[in-house]
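1. for reference, the sequence and a predicted model appear below.
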Amino acid sequence: MESTSIYLIQAAITALIELFPEKQIAPSDRDEFNRLIDLEYDRIRDFLILHYHATERSDTPFWDYVRTMPIPDSLAEKLDLFRRRGRVVKYREGVFLEASWIAVYLGQRVIPQGHDMRVNGPDPESLAAGMEKLRAEVLHAAQTMPNHIDMIGRYCPMAA
């Protein structure tokens with residue numbers, strides 16, 4: 001958890017540098033700084049609570065409490081998405097990205113009940129056949145087009 005604190009300090013410093021390069025601080029810059037830092041804290045809070053909430057330990061009152069305690073709505077939504085179809089909320093930035101969430105979910109035996117229906121798409125053979133058909137169509141179109149010099153001569157004739 002110490003590295004998380006270091007990350008949050010560094011994220012705040014970076015946001016300060018990016019948003020407050022001048023002596024004058026606009027309210028919109030201040031609000032954006034607060035929004036970004038609040039978002040980071042909330043994401044990290046959810047990630048840390050997940051470790052405790054998803055535990056199977058029940059050997060002490062502490063573990064019973066953290067396993068059954070109320071959790072933030074944002075974490076409940078993330079858990080529901082993963083349990084239903086294995087979906088992970090994705091972030092472009094932050095300290096805990098998709099692989100970290102999957103490691104904790106699966107490590108704590110939070111197993112999806114279903115999967116993304118796109119996996120049930122066409123079989124590989126029909127995809128390969130469709131791609132081969134498309135390749136042939138593109139090749140035919142390219143072979144029947146006029147070459148570059150002829151196109152320029154037709155549409156951009158040089159003045160004599």
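-> In hand now; what should we look at? Numbering: from 1, shown residues only.
2. would you confirm that Y41 contacts L8?
-> Yes. Using C-beta atoms under 8 Å as the test, Y41 is close enough to L8 to be in contact (7.0 Å). Yep, even glycine has a C-beta here, placed from its N, CA and C like the rest.
3. is I152 in a helix, a strand, or coil?
-> What DSSP: H, G, I helix; E, B strand; the rest coil gives for I152 is helix.
4. what helix or strand is the closest residue to T4 other than its chain neighbours located in?
-> Setting aside the residues directly before and after it, T4 is nearest to I44 in space (C-beta to C-beta, 6 or more residues apart in numbering), at 5.8 Å. Assignment of secondary structure by DSSP states H and E places I44 within helix 27-53.
5. that helix - what's its average pLDDT?
-> Summarised as a single mean, pLDDT over helix 27-53 is 92.
6. which elements pack onto that helix?
-> Packing partners of helix 27-53 (3 or more C-beta pairs under 8 Å, 6 or more residues apart in numbering; DSSP states H and E): helix 2-19, helix 61-68, helix 73-85, helix 98-107.
7. what's the burial count for S58?
-> As a burial measure, S58 scores 10 neighbours (other C-beta atoms under 10 Å).
8. the residue nearest to T4 reaches I6, doesn't it?
-> No. Using C-beta under 8 Å, I44 is not in contact with I6; the gap is 11.9 Å.
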